[in-house]
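S.K.: model this:
(one chain, ligands or ions: 4)
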Amino acid sequence: RILENALRQGIKEEQFYIEYQPKMNMSTNELIGMEALVRWKHPDLGVISPGKFIPLAEETGLIVPLGEWILRESCKQALAWRDEGYPPLILSVNISVRQLEDVHFVEKVQTILHETRLDTKWLELEVTESVLANDKSTISILKELQNLGIHISVDDFGTGYSSLSYLKELPINTLKIDQSFIKDIHTNKASNEIAKAIINLAHSIGLNVIAEGIELKEHVDELSKDGCILGQGYYYSRPLKVGAFEDYMTNIH
Ligand code: G
Ligand code: G
Ligand code: MN
Ligand code: NA
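M.R.: Residues are numbered from 1 along each chain as shown. Ligands and ions are numbered 1, 2, ... in the order given. Sure thing, here's the model as predicted:
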């Protein structure tokens, strides 16, 4: 309860900020995009990790206003960077199932894109498999979003409980291989085979594939051998505050 009230207050007072983690083309070392990751800086408690407050925000429904703030803030930032002459990058934003259940979600996304003048093709929404297994209405909402030109990525792919049949019907552009398969991809045969299977699956049905949790050169090497060229992880960069992300964009070009 205490944390719930603090969260409510925090949303009202905008105690949140966003960090951006680079997404890379690992074969050319080019920066291709960034994932927005929210942080909560509570005035007394300090920085609280999203692993703690996102589940609470989901349970209480506060993820709806918070998620809207995150989307608006990150789209605004993406456009500000464009206006300042940084290279165009795809912005990825995590979306919870609760947000997709909001009947006004598509409308809100459109309003935010209109307000921030960000073209839909520069926005990607990351959803988990559980969202896809959820029900018909969330699927039709994803279809509407994709029809607007927004990319849809399946986050933490390989860890959900849904059947693979959804891949056939669903509006998906990208599979994001869960970090649990990446962390020991160079030492564990099963992780290696699973990652390879996901990469081949994605390519054979015309989807993009990206690996997350890349921490070592060995991870990059294994993935390139297996044909996965997109990646994200501490090996390239941790999630960065605005100023540090600007330095990253400047130094990599
Ligand atoms: O950034 P970090 O690794 O601490 O994130 C922890 C968890 O919080 C991850 O599962 C991530 O997807 C989730 N998360 C981070 N930012 C957001 C956000 O803006 N919206 C939602 N729904 N989840 C987020
Ligand atoms: O669930 P989602 O994939 O959105 O969450 C991404 C989470 O993974 C964030 O909390 C982010 O900080 C974290 N993360 C990003 N790169 C790495 C990495 O290389 N190693 C580890 N252990 N975590 C990472
Ligand atoms: Mn994610
Ligand atoms: Na993930």
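S.K.: got a list of what Glu101 touches?
M.R.: When contacts are counted by C-beta atoms under 8 Å, 6 or more residues apart in numbering, Glu101 touches Ser137, Thr138. For every residue, glycine as well, the C-beta is placed using N, CA and C.
S.K.: so what's the closest residue to ligand 2 within the stretch 1-150 of the chain up against?
M.R.: Distances between the stretch 1-150 of the chain and ligand 2 by C-beta to the nearest ligand atom are smallest at Asn94, namely 4.9 Å. Asn94 makes contact with Glu35, Ala36, Leu37, Leu125, Glu126, Val127, Asp155 under the criterion C-beta under 8 Å, 6+ apart.
S.K.: Repeat that for Pro22.
M.R.: With C-beta under 8 Å, 6+ apart, Pro22 has these contacts: Leu31, Gly33, Met34, Gln232, Tyr236, Ser237, Leu240, Phe245, Tyr248, Ile252.
S.K.: Report the secondary structure state of the closest residue in space to the last one that isn't next to it in sequence.
M.R.: Of all residues not flanking Ile252 in the chain, Leu31 sits nearest, at 5.3 Å (C-beta to C-beta, 6 or more residues apart in numbering). Each residue gets one of three states, and Leu31 gets strand by DSSP: H, G, I helix; E, B strand; the rest coil.
S.K.: can you tell me if the helix or strand of the chain with the lowest mean pLDDT touches ligand 4.
M.R.: Counting by mean pLDDT, DSSP states H and E, the chain has its least confident helix or strand at helix 129-134, which shows a mean of 76. No - with C-beta under 5 Å from the ion as the criterion, ligand 4 is not reached by helix 129-134; the gap is at least 10.7 Å.
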